[in-house]
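J.: I'll drop the sequence and a predicted model, then ask my questions.
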Amino acid sequence: MRLDMSVSRLLAELEGRVQHHESQEAHHAEREVYHREQRALHAAELETSRERLAAFRAAAEAAGEHVAARSLSPASLEDDLPPGQRFRISQLAAHVIAKKDPTETFGGTSVAHEINQRYGKRLRRPARTRTVATALRRMAAAGRIRQLEEGRAHHEGLYSLWGEEK
């Protein structure tokens, strides 16, 4: 503290500091109430969001298990063709499609993948999506399957055994 300050000036400075700290204390008390309210609000929203996330994860996991069990079951992937015979990709595609649910939609990629999973050991080369897509277009033209969506440059065509044509 400086010794050359007058008593009146020292009192004025101390009163100014007291006022400043009182106003700061009041300000931070208001902010404390506001922040407590905001914290409670966000805690409630966090709890709701966590519950919804857990429910969504459970539903997504159950749906994924259902789809995986249906599409990758050992019975659906076994090679059920007579041994020793050679088959064309179009014949294998027809065989795979015949085992599908009538309302299920499929395209060249999914059918080629299933052919490779089921009959990959018997093929010289893996079935290509373009080859299978050509076979599907020909089956649709012959009326054996229905074309739901026409394929475009970067979007494959969609087909079904039963359904509305476009």
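T.: Structure received.

J.: burial count for R146?
T.: R146 has 17 neighbouring residues, counting by other Cβ atoms under 10 Å. Glycine gets a C-beta too; all of them are placed from N, C-alpha and C.

J.: just the residues contacting stretch 157-164, thanks.
T.: Applying Cβ atoms under 8 Å, 6 or more residues apart in numbering, the contact partners of stretch 157-164 are 97, 100-108, 133, 136-137, 139-140, 145-151.

J.: do that again at 6 Å, thanks
T.: By Cβ atoms under 6 Å, 6 or more residues apart in numbering, the list of residues contacting stretch 157-164 from outside reads P102, T105, F106, G107, L136, I145, R146, Q147, L148, E149, E150, G151.

J.: just the buried residues of the residues you listed.
T.: In terms of neighbour count (16 or more other Cβ atoms under 10 Å), the buried residues within the contacts of stretch 157-164 are F106, G107, L136, I145, R146, Q147, L148, G151.

J.: in what helix or strand does the residue nearest the centre of the chain lie?
T.: The geometric centre of the chain, computed from its C-alpha atoms, lies nearest to A60 (Cα atoms, centre = their mean), at 8.8 Å. Secondary-structure element containing A60, defined by DSSP states H and E: helix 7-71.

J.: report the next helix or strand after the lowest-mean-pLDDT helix or strand in the chain in sequence order.
T.: Of all regular secondary-structure elements in the chain, judged by mean pLDDT, DSSP states H and E, the least confident is helix 74-77 with a mean of 52. Later in the chain than helix 74-77, the nearest helix or strand by DSSP H and E is helix 89-98.

J.: pairing partners for the very next helix or strand once past that next one, with directions?
T.: Elements were assigned by DSSP H and E; along the chain past helix 89-98, the next helix or strand is strand 105-106. Under the criterion DSSP bridges, strand 105-106 sits next to strand 158-160 (antiparallel) in its sheet.
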